[in-house]
Each structure stands twice: as C-alpha cells, then as structure tokens.
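Engineer: Give me a model of this one.
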Amino acid sequence: CNFHQLLLSHIVRLCTFRTKIYSSPEKAVYSWTVSFRALGCYNETSKKSSGPENGHTRKGVTVMKIPFNEKEMEVVAQMPAFGGGTIPVFNYPISTTELAKRTFCDKEALWILNGSETGFFCPSVIPDHVARGFVFEAVPTPREKFGGKDMFGLNWKYIDVAGGSMSEGKLFDDANDWREYVHFPDIDSWDWEGSAEMNKEYLASGPKILWMLNGCWFERLISFMTFEGAAMALLDDDQLDAIKELIHETTSLYMRIVDKCCQYYDFPGFCIHDDWGSQMAPFFSEAVAREVFLPEMKRFCDHVHSHGKFIDLHSCGKGETRCGVFVDAGFDSWTPMAMNDTDKLWRDYGDKIVISVVCNELEHPETASEEELRAAARSFAAKYAKPDRPCVFSYMYSNPAYLTPAFREELYRASRIGCCGQE
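Structural biologist: As a prediction, this is how the structure comes out:
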C-alpha cells in the first residue's frame, strides 16, 4: 500500500515537472531514490567483505561509501523520542533498516546514530514484557494491566512512579533445588500468529529492535532467589554447578523464543537486558563472569547471529571493566550508563562493539546558546565520526539539554561528512 502511494505521488510530481515541483531532472531522480530507500525498496552494494575479528558481519554483503549531500538535511518526518518529545527524521540516503545492519553487523559508520533511526518493539505476547511494564507495539497496553506473572509464574508489581516493576517473593533459596521449583513455559501456546498480524504494519513502518527478556542471566537469577541469594550462590561452590545448569536451561529457552520471534516478525535485531553493576562497581568478579555467564551468553549471541540478526546488550551500572566479556560473548553493541567512561570504552573496544557514547562537550548545556550547541555537536562528531568505528550518540544517558533540533541537525551533518571522509 505504501509503495503504491509513493509511486503514485512521484508520477503526479513527474507529470507536473514544468511547474517546478521538481527543480531539475537530477532533483527528481534524487527524490525518487531517497524515497524508495526509506521504504527499504532499494538495495545498496559495496566493496567491504570482512569485518572486525570478534564482530558479526553479513556474508556476501559489501558496503559503498555514500558522499554527503546537503539535500539530506530536509526533515521528512518527526518521530516520538524515548522519554518524550520528537526527533527529526532527515532525508537519509539509505533506508534505516540497511543503516542498522551496516552499523551493528558490518561495523561500518555512515553517521553517528541519534535515536531516530530505530524504534522499540516489545510484544505483549511475551509475558515478561507485561509483567515488567515494558510493552511497545501497535496496540498500547494500559498501565493498569502492567505487572502480574512472568513466563515462569513469578509475580511482579508495577510501580507507576518508577516506570517499572519489582518481583514479589522468590522461587527457592538453594540453587540445587531449582528443578523442583522452576517450571518452564509452553511458548508454543503463546499467540504468536495473532501478535504478528497485529504488529505487521507497526514493524513495516521502520526498523524496530526487539527488546526481549528485560532481565536475563544474572537478573533472572535475582528474580528466582533475591539479590542476596543470587550473589551468595555465585560464591558458593556447593551451588555453582546447579547455577550453571539452570542458566544453561534458561538460555536454551531464550533461544527458542528467538526462533519464534524470527519466524513471526520482520525486524533487524534484538536487545537483551542483564544488569551487572551498581553505581560504583560490578556485582561480581570477571572470573565469575567468564566461568558462569560467558559460555551461555556466547551460545545465545551465536544463535541470534545464525538468524542474521544483530544483538544489543542493555546492562546498567558501572560495568566498564566487563566490556571485554561482552565482546567475547559476541554482542554487537552496548549502551553503558553515564558513570562509565564511554569515551575510553569507544577507544578501547569501538572496533569490535558499537558503544553508545555520552556527550560531555559542554559543562552546562542547559544554558548554552544555539551556536554553542552546534559547536558541541561538531566537536562530538570530530571525535567519534569514524567510518570504521561506529558509535551511537547516547540519547538515553547524555544530558537531555543537548537534544535540541539545532544540535541534532549539526550532529547529523557533521558526522555524515566525517564518516565519509569529506572535508
């Protein structure tokens, strides 16, 4: 339907060329090309065939540099921003679906992503999304329905003022007893077909990252045992083998959910949650991370990649010293919180994993003038707009005062020029 509407609109414009709707034949061709790319109807090709050693690249896909054109600065739409407001959508030279794949799979930057390129998809068919109060799909779920039981039957209470849920109770005290208390869901009974039909147009409107499992390996253990119980179990030799067995079985379940999602939905990648740190330090040692969690994380990431999808990690807390574990697991990107040194993470690991970088260009961006914000955007782009080391502007954790139309405009222009190697 959208394709035919677009085609008809361009036929009408072409027929009225002499009335200057198109100022030149070149403008007409450019407009057609950009519009078809925006709908994902245009396949780009390029010369790049290999990617970072530990990264996920698409076999047989090559990447072509696209020089910046000032016509791209036309705002063609506004989209809702995370946390409120809107984000301008520029006249991008490729589809945002292809952009997401280039950035996260091929580790090739065309510009610094700013939050307008991808959306959220958290379908209510997965019980955890409703229980945790984190649903994004075609039909909104009323807040009064948030909370309730997750896929394992554990009850969650939604806290409106916090915008999230807390688990109530626990399943067991000793990890050796997990087989008695953990009951795995029958995911075949979930209404995948109904969900796919309901969200078909929503997913077709632009690339959506499927946020799945809002709390996975360590966080899942916390919900089963409480935080204190989970932390102690990781230090208890008598419980360690049982913990590994439990995490292996839950990961196998998550992989089956991945299969279902890939069967029923059209989307480019996943985001999975597992918080590993407090505001000051990680919850557990790197040795524990590598022994207990890394093998199952890698198994999960490899499975996601086998479907041709990228995988983003959302891990809150001060976890910068665990980034090497995330890389070895095979995650394609990570959004660190502001207490982490995101600049150093980008410099140390940015060729292997896409880092969301927190902007610290101004001491007080809330009092900055428009020109100062534009200068800050140019400065940020000068540091991070590198064609072989993509990054995301951390719109979640940067000072929201940066997120003005002027800053976004200047960041897009400067990073497009920088990533293409133009002066």
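Engineer: what comes up buried for stretch 238-258?
Structural biologist: 239-240, 242-244, 246-247, 250-251, 254-255, 257-258 (16 or more other Cβ atoms under 10 Å). (Glycine included, C-beta is placed from N, CA and C.)
Engineer: Let me have the residues you listed in CSV, adding pLDDT, secondary structure and distance to P127 as columns.
Structural biologist: Output for those, formatted as CSV (pLDDT from 0 to 100; DSSP: H, G, I helix; E, B strand; the rest coil; distance: Cβ to Cβ, whole Å):
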residue, pLDDT, secondary structure, distance to P127
Q239, 98, helix, 27
L240, 97, helix, 29
A242, 98, helix, 25
I243, 98, helix, 24
K244, 98, helix, 25
L246, 98, helix, 19
I247, 97, helix, 20
T250, 97, helix, 14
T251, 97, helix, 18
Y254, 97, helix, 14
M255, 97, helix, 17
I257, 98, helix, 11
V258, 98, helix, 16
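Engineer: what about the residue lying closest to E72 once chain neighbours are set aside, how many neighbours?
Structural biologist: Excluding the flanking residues, the one nearest E72 by Cβ to Cβ, 6 or more residues apart in numbering is N91, at 4.8 Å. Burial measure for N91: 19 neighbouring residues, criterion other Cβ atoms under 10 Å.
Engineer: What of V76?
Structural biologist: V76: 13 neighbours (other Cβ under 10 Å).
Engineer: Surely it forms part of a helix?
Structural biologist: No: V76: not assigned to a helix; according to DSSP: H, G, I helix; E, B strand; the rest coil it is strand.
Engineer: pLDDT below threshold where in the stretch 1-150 of the chain?
Structural biologist: For the stretch 1-150 of the chain, the stretches with pLDDT under 70 are 1-64, 82-83.
Engineer: can you pull out the helices in it?
Structural biologist: 2-15, 25-38, 96-104, 127-131 (DSSP state H, counting those that start in this stretch).
Engineer: hang on, the earlier thing: in contact with the residue nearest to E72, which residues?
Structural biologist: Contact analysis of N91 by Cβ atoms under 8 Å, 6 or more residues apart in numbering lists V34, K71, E72, M73, E74, V75, V76.
Engineer: Adding distance to S116, write those out as JSON lines.
Structural biologist: JSON lines is the format used below for the contacts of N91 (distance: Cβ to Cβ, whole Å):
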{"residue": "V34", "distance to S116": "15"}
{"residue": "K71", "distance to S116": "18"}
{"residue": "E72", "distance to S116": "13"}
{"residue": "M73", "distance to S116": "13"}
{"residue": "E74", "distance to S116": "14"}
{"residue": "V75", "distance to S116": "10"}
{"residue": "V76", "distance to S116": "11"}
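Engineer: Let's see if you can find the most crowded of the residues you listed.
Structural biologist: In the contacts of N91, the most neighbours by other Cβ under 10 Å go to V34, 21 neighbours.
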